[in-house]
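Q: Sequence plus predicted model, see below.
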Amino acid sequence: MRRMLQHPARIVPLAFLCAVAISTLLMMLPVARAEPGHAPFITALFTATSAVCVTGLNVVDTPTYWSTFGHVLITLLTQIGGFGIMAMATLLGLLVTQRLGLRSRLVAQAEQSSLQFGDVRRILTRIAVTMLLFEALITAVLATRLRAHYDYPLGRAVWEGFFHAVQAFNNAGFALYSDSLIRFVDDGWICLPLVIGVVAGGLGFPVLFELARELRQPRRWSTHTRLTVWGSGVLLVVGVLVMLAFEWSNPRTFGPLGVSTKVLAAITQGAMPRSGGFNSVDYAAMNAETAAVTTGLMFIGGGSGGTAGGIKVTTFFLLAYVIWAEIRGEPDVVIGKRRIDESTQRQAMTVALLGIALVAGGTLGLIALTDGVSFERALFEVTSAFATVGLSMGLTPSLPPAAQLLLVVLMFMGRVGTIAIGAALALNTRHRRYRYAEGRPIVG
């Protein structure tokens, strides 16, 4: 049993389970709720899981249901979840004891999969500094805007700026406004800093570190950085164009807005499906075409090693290269003059197929547990939960407890990762010292 728990792929899910359990108990404290009494168990569990898993889905109205203590707790849980509970524990251990054992290195590698084995100490520190720097800059811009333009008291402006900065960079989506960002749909000084935070957090720490060194020399970028940066750029453009094309004349979303506001709203909503979770227009009022593309963007998610969810940009575009190589009859999959080994290709296919299975099964389960919900709305909510996005068509708060528990499971599995879940369930690993004869079934 002890040897089984030493595997980092098993420690990470268990650590997140512990974090969710402790967070649920804290959210159930009477001081966390705005009104007298404590929150019901399912409400506390859903909110705690959504915060730790940096999702942002809600079953209650965040600004009115939770107290200031509750809002501070949500902020803290989001920060811990975004950083990675194992990375945070390792960093704290480093600061206190100035020692980092082998097991801690393995755990940190499992949570931030692209870390180099010998550089864990330095990189964990840089992760913390990077997060705080981005959040401080976004806080400064938001607080200045809220203070100068909306006449907020200084303390409130700083607090709300910091709260939303943490939510943006950690790709969560909790908001201190009942309409999320709808009241700021025409304010670029509010929306754009949050978009920048979402995109930066979604790129992933390995990519941010490499860009800091090689920003002006794209030819020297690693294959991972190329896939993530260019892939994220393509998906962002697709999201913006889809919003403009399908929602331009929609009287319930973009229709009443001016041209410049439509463009700003398209940029905001084009970026948020990457795991951001904020919305400056009502998703329940969007056209079916927009909802379908948004669901696809949510499923893809952001970059590996960052705060975004989904199957990851690298997985999606790597599989696109695999398909292209197969169509052309190429013996190898090549990206930027680099051959991709077969084990990486299998890993990408495993992540994608497990993700599809979880979303499909979750959608069917949600429909079975809920009366009268449409397939499109169920798929949207399930994908948002699995990809830890937080966008909603207004369905989640009205779901029965069993359906909300289903979303809790999907948020947890989406945050921990399909590969980690699979490895945690595989109690025994064998390495065959032989190979079977080759078989060739007919494909297609």
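A: Great, that's in hand.
Q: what residue ranges in the protein score low on pLDDT?
A: For the chain, applying pLDDT under 70 flags the ranges 1-11, 85-121, 418-431, 444.
Q: Who are the contact partners of the nearest residue to residue 197 once chain neighbours are set aside?
A: The shortest distance from residue 197 to any residue other than its chain neighbours is 3.2 Å, reached at residue 168 (CB to CB, 6 or more residues apart in numbering). C-betas here are computed from N, CA, C, even on glycine. Contacts for residue 168 were tallied using CB atoms under 8 Å, 6 or more residues apart in numbering; they are 138, 193-198, 201, 276, 278.
Q: now do residue 314
A: Contacts here follow CB under 8 Å, 6+ apart; on that basis residue 314 touches 224, 227-228, 231, 303-304, 348.
Q: among these, which ones are buried?
A: If you count burial by 16 or more other CB atoms under 10 Å, the buried members of those come out as 224, 227-228, 231, 303-304, 348.
Q: Show only the entries of the residues you listed found in helices.
A: 224, 227-228, 231, 348 (DSSP state H).
Q: can you map out the helices along the stretch 301-444 of the chain?
A: With DSSP state H, counting those that start in this stretch as the criterion, the stretch 301-444 of the chain has helices at 313-328, 342-369, 375-386, 401-416, 418-425.
Q: Now find how far off-centre the longest one is within its chain.
A: Going back to what we said before, that points to helix 342-369. Put simply, helix 342-369 sits 16 Å off its chain's centre (CA atoms, centre = their mean, to the nearest Å).
Q: what's that helix packed up against?
A: helix 313-328, helix 375-386, helix 401-416, helix 418-425 (3 or more CB pairs under 8 Å, 6 or more residues apart in numbering; DSSP states H and E).
Q: Kindly reformat these as JSON lines containing distance to residue 183.
A: Listed next are the helices and strands packed on helix 342-369 as JSON lines, based on distance: least, CB to CB, whole Å:
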{"stretch": "helix 313-328", "distance to residue 183": "31"}
{"stretch": "helix 375-386", "distance to residue 183": "22"}
{"stretch": "helix 401-416", "distance to residue 183": "27"}
{"stretch": "helix 418-425", "distance to residue 183": "37"}
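Q: Out of those helices, which is closest to residue 55?
A: Between residue 55 and these, the shortest gap by CB to CB is with helix 401-416, which sits at 4.9 Å.
Q: which residues touch the closest one?
A: Counting by CB under 8 Å, 6+ apart, residues outside helix 401-416 touching it are 12-13, 16-17, 20, 42, 45-46, 49-50, 52-55, 57, 59, 81, 309-310, 358, 362, 365-366, 369-370, 381-382, 385-388, 396, 399, 421.
Q: Show me which of those are buried.
A: For these, buried by 16+ other CB under 10 Å: 12-13, 16, 20, 42, 45-46, 49-50, 52-55, 57, 59, 81, 309-310, 358, 362, 365-366, 369-370, 381-382, 385-388, 396, 399, 421.
Q: Would you mark the buried spots in stretch 199-214?
A: Along stretch 199-214, these residues count as buried under the neighbour rule (16+ other CB under 10 Å): 199-211.
Q: surely residue 170 meets residue 77?
A: No - the pair residue 170 and residue 77 fails to qualify as a contact (CB atoms under 8 Å) at a distance of 9.9 Å.
Q: who has more neighbours, those two?
A: Neighbours around residue 170 and residue 77, counted as other CB atoms under 10 Å, are more numerous at residue 170. The numbers are 33 against 27.
Q: In contact with the closest residue in space to that one that isn't next to it in sequence, which residues?
A: Once its chain neighbours are removed from consideration, residue 170 has its nearest residue in residue 82; the separation is 3.0 Å (CB to CB, 6+ apart). For residue 82, the set of contacting residues under the criterion of CB under 8 Å, 6+ apart consists of 54, 131, 166, 169-172, 201, 307.
Q: give me that answer again for 10 Å
A: Contacts here follow CB atoms under 10 Å, 6 or more residues apart in numbering; on that basis residue 82 touches 51-54, 88, 127, 131, 135, 166-167, 169-172, 201, 306-308.
Q: The stretch 1-150 of the chain: helices as residue ranges?
A: 2-6, 8-27, 41-52, 62-65, 68-83, 85-97, 102-111, 120-148.
Q: Of all the residues in the last one, which ones are buried?
A: Right, helix 120-148. Taking 16+ other CB under 10 Å as the neighbour-count basis, helix 120-148 is seen to contain the buried residues 120-121, 123-124, 127, 130-131, 134-135, 137-139, 141-143, 145-147.
Q: That one vs helix 68-83, what angle?
A: Following axes from the mean of the first three to the mean of the last three CA atoms, to 10 degrees, one obtains 140 degrees for the angle between helix 120-148 and helix 68-83.
Q: Just name whatever secondary elements helix 120-148 is in contact with.
A: In this structure, helix 120-148 packs against helix 68-83, helix 85-97, helix 102-111, helix 154-169, helix 188-203, helix 205-214, with contacts taken as 3 or more CB pairs under 10 Å, 6 or more residues apart in numbering; DSSP states H and E.
Q: Name all residues that make contact with residue 155.
A: With contacts defined as CB under 10 Å, 6+ apart, residue 155 is in contact with 143, 147.
Q: Equivalent analysis for residue 437, please.
A: Shown in contact with residue 437 (CB under 10 Å, 6+ apart): no residues.
Q: Begin at 122, not 1, for the rest of this chat.
A: Shifting the count to begin at 122 puts that one at residue 558.
Q: so how far is residue 476 from residue 293?
A: When distance is defined by CB to CB, to the nearest Å, residue 293 is 20 Å away from residue 476.
Q: These two: who's more crowded?
A: Legend: neighbour count by other CB under 10 Å for residue 293 and residue 476, higher for residue 293 (35 against 25).
Q: OK, contacts around residue 350?
A: The neighbours of residue 350, taking CB under 10 Å, 6+ apart as the test, are 324, 328, 331-332, 339, 342, 424, 434.
Q: Around the closest residue in space to residue 182 that isn't next to it in sequence, count how many other residues there are.
A: Taking CB to CB, 6+ apart as the measure, residue 182 lies nearest to residue 299, with 5.4 Å between them; neighbours along the chain are not counted. Burial of residue 299 is recorded as 11 neighbouring residues (other CB under 10 Å).
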